[in-house]
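*Asks:* have a look; sequence and predicted model below, questions after that.
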Amino acid sequence: MLNVWIGNLGKYNEGELVGDWLKLPVSKNELDNFLREKVGLQITQEEVEKSLEKNGVCYEEYMINDYETDLPIKISEYSNLKMLNLLALASERVTNMEKVDAYIECENTDDIEEIINIMMQEDKIPYYQYDLESELMTKEEKYGITKADMNGLTAFLTDKNVLAYFDFEKYGREDDLSGYVELYENGYIDRSAMDEVNLHYYSLDEIKEELEFEKQNNKIKVVFKEVGKDPVVMEIEDTLEAKQKLVEGLIEVVPYNEDLLLICNEEGKITNLKPNLKFDYDYIAGNCFIVGDDFENEGFKSIRDDQIEDVIKDLKERSIDIEEIDEMEVYWWK
């Protein structure tokens, strides 16, 4: 679990607290939209230039005011939000966070990239549970009993009928003081096998690729316009298949307004789909939707909340009524 309260640093310096809680991990689009809509930041260079031209000021920097987490990490005001997002995503793969916590503590690292590397090599961590659980025993005693069971000492002492007289706590403390192991309440780290985990095995690019970060929870918000019906807001997967399903065929990208695009059926007119929207001397045939233009990454992004009302109003005005479709013939859509 990793929740962070993210605020607008510029607004804060001006005496205004603007921001909100964000539960990580999220997709890149969701993160960008959160920073725009909840924190009030300008994300792209185009947004920065527009804000400067319109308001004479822009806001590009965030701060982390507070956080809630059960992950082995300390977060500061200046922690990198994208790295924290990757950390939260990596943590979802961990099956035994106790062994990860133990290894991080043993390595004494607070570097996020190193912690992610540890999480991604969880199966190589030389952490072992004690053979028994007891709140009345010290960790040295638990380890001593576990060690004696593994090397046959317990069986030997039992056979000689002297088990009750053996000091397992002192036996376990010997390895701890010698530095062979690092003891914890429920298990121990074998220090001789620490090098099986490489803190720099994965580069940052490899981490992103391995975790499929861009694909994780990657949905985009669109305004969908079905033939003969009012436009509606919905979230879809940011995949070609999802877009083709909405328009019922191959997609065609048409400039709509500023940083928005209209996605429609490429063969809508050829296959005689019913007219949906009218644009001057042209029209859109078949279902379509409006989405943000992520030109910097040559893709799509969610439509912003502040754009939705105007888009819905415009689509309603351009909409061709279903009865009008059935009863009328207009020359410009023949």
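*Replies:* The structure has been received and is ready for your questions.

*Asks:* gap between residue 98 and residue 195?
*Replies:* Residue 98 is 21 Å from residue 195, where distance means CB to CB, to the nearest Å. The way it works is simple: take the backbone N, C-alpha and C, and place the C-beta from them, glycine included.

*Asks:* so between these two, which is more surrounded?
*Replies:* Shown here are residue 98 and residue 195; by other CB atoms under 10 Å, residue 98 has more neighbours (14 against 9).

*Asks:* so that one sits in a helix?
*Replies:* Yes - applying DSSP: H, G, I helix; E, B strand; the rest coil, one finds residue 98 inside a helix.

*Asks:* show me the contacts for it.
*Replies:* Contacts for residue 98 (CB atoms under 8 Å, 6 or more residues apart in numbering) come out as 127, 186, 187.

*Asks:* all strands of the stretch 51-200 of the chain, in order?
*Replies:* Shown for the stretch 51-200 of the chain, the strands assigned by DSSP state E, counting those that start in this stretch span residues 62-69, 127-129, 181-183, 187-190.

*Asks:* now tabulate those strands in CSV and tack on distance to residue 228.
*Replies:* Output for the strands of the stretch 51-200 of the chain, formatted as CSV (distance: least, CB to CB, whole Å):
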stretch, distance to residue 228
strand 62-69, 44
strand 127-129, 62
strand 181-183, 68
strand 187-190, 64
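
*Asks:* out of those, nearest to residue 91?
*Replies:* Judged by CB to CB, the one of the strands of the stretch 51-200 of the chain that comes nearest to residue 91 is strand 62-69, at 9.1 Å.

*Asks:* how far does the closest one sit from its chain's centre?
*Replies:* 16 Å (CA atoms, centre = their mean, to the nearest Å).

*Asks:* over to stretch 158-168?
*Replies:* 54 Å.

*Asks:* endpoints of it, how far apart?
*Replies:* When the termini of stretch 158-168 are compared using CA to CA, to the nearest Å, they are 13 Å apart.

*Asks:* repeat that for stretch 233-243.
*Replies:* Start-to-end, stretch 233-243 (CA to CA) is 14 Å.

*Asks:* show me which positions of it end up buried.
*Replies:* Going by neighbour count (16 or more other CB atoms under 10 Å), the buried part of stretch 233-243 is 236, 238, 243.

*Asks:* which of those residues fall within strands?
*Replies:* Using DSSP state E, the members of the buried residues of stretch 233-243 that fall in strands are residue 236.

*Asks:* okay if I get the buried residues of stretch 233-243 as CSV plus distance to residue 204 and pLDDT?
*Replies:* Output for the buried residues of stretch 233-243, formatted as CSV (distance: CB to CB, whole Å; pLDDT from 0 to 100):
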residue, distance to residue 204, pLDDT
236, 29, 89
238, 22, 81
243, 30, 91
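
*Asks:* where do the helices sit along the stretch 151-300 of the chain?
*Replies:* Per DSSP state H, counting those that start in this stretch, the stretch 151-300 of the chain carries helices over the ranges 153-159, 168-178, 204-211, 240-247.

*Asks:* relative to residue 252, how far out is residue 187?
*Replies:* Distance from residue 187 to residue 252, by CB to CB: 59 Å.

*Asks:* OK, contacts around residue 247?
*Replies:* The neighbours of residue 247, taking CB under 8 Å, 6+ apart as the test, are 263, 264, 265, 268, 286, 287, 288, 289.

*Asks:* circling back to that earlier point, okay, the helices of the stretch 151-300 of the chain in JSON lines with distance to residue 42 next?
*Replies:* As requested, the helices of the stretch 151-300 of the chain are exported to JSON lines (distance: least, CB to CB, whole Å):
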{"stretch": "helix 153-159", "distance to residue 42": "67"}
{"stretch": "helix 168-178", "distance to residue 42": "54"}
{"stretch": "helix 204-211", "distance to residue 42": "24"}
{"stretch": "helix 240-247", "distance to residue 42": "27"}
